[in-house]
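> Predicted model follows, preceded by the sequence.
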Amino acid sequence: MRILLILFVALLLFSCSGCRHSTTGVEGKMANTIVITSTAFKEGEMIPVQYTCDGKSMSPPLAWSNVPAHTVTCALIVDDPDAPMGTFVHWVLFNIPGTTTHLAEHMPAENTYPDGAVSGINSARKTGYTPPCPPSGTHRYYFKLYALDTKLELKPGSSKEDLEKAMEGHILAQGQLMGRYQRKK
């Protein structure tokens, strides 16, 4: 009986050696990490003034690679964890087609886009990109992209929290690009 139990446990462990477990919606250690870049700034660098409240307030160009082939849609969250009243959300965009590999500079603020992408609401209670405008000091801005295995059933104007809840269990891969900004006074 003891030998059968040992064989059963060994078989169970062997058959699940490739299993991925998830409690956050992200499957174990993800095989893919999305690489996000911008021609405007590199990881950890200062965001150029034209993409901030001190400039033209336009969104920076973003590109990404290493998205899993079976990605249905992507979602983008841009936020500032250094804001004095807690994390400030600058941009929420979801249902970006999985075949999309970039967002152009100066994306207009639309509720929905011709390709099916949908804007959520940011901390300024607006859709679209709200530029960095820190009240003091240097802040970090995280551009986070998620590859999803589904199209999300969320309405335009959904919050970051709504998006994060809807993404649970559907994240195939993710990546981030961090830029910094300090106002010139």
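That came through, no problem. Numbering: from 1, shown residues only.
> What ranges in this protein fall below the confidence cut-off?
1-32, 185 (pLDDT under 70).
> if you set the cut-off to 90 instead, what comes out?
Within the chain, the stretches with pLDDT under 90 are 1-32, 184-185.
> Name the residues of stretch 123-133 that come out as buried.
123, 127, 128, 129, 130, 131, 132, 133 (16 or more other CB atoms under 10 Å). Heads up, the C-betas are built off the backbone N, CA and C, glycines and all.
> in the chain, which spans are strands?
35-37, 62-65, 73-80, 88-97, 102-103, 118-119, 139-148, 171-181 (DSSP state E).
> Filter the buried residues of stretch 123-133 down to just the ones in helices.
Using DSSP state H, the subset of those located in helices is empty.
> Format the strands of the chain as a markdown table; extra columns: mean neighbour count and distance to residue 48.
A markdown table is the format used below for the strands of the chain (neighbours: other CB atoms under 10 Å; distance: least, CB to CB, whole Å):
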| stretch | mean neighbour count | distance to residue 48 |
| --- | --- | --- |
| strand 35-37 | 18 | 15 |
| strand 62-65 | 17 | 14 |
| strand 73-80 | 24 | 15 |
| strand 88-97 | 23 | 15 |
| strand 102-103 | 18 | 16 |
| strand 118-119 | 24 | 23 |
| strand 139-148 | 22 | 12 |
| strand 171-181 | 20 | 9 |
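> Which one of those lies nearest to residue 44?
Residue 44 sits nearest to strand 171-181 of all those, at 6.0 Å, using CB to CB.
> what's the angle between the closest one and strand 73-80?
30 degrees (axes from the mean of the first three to the mean of the last three CA atoms, to 10 degrees).
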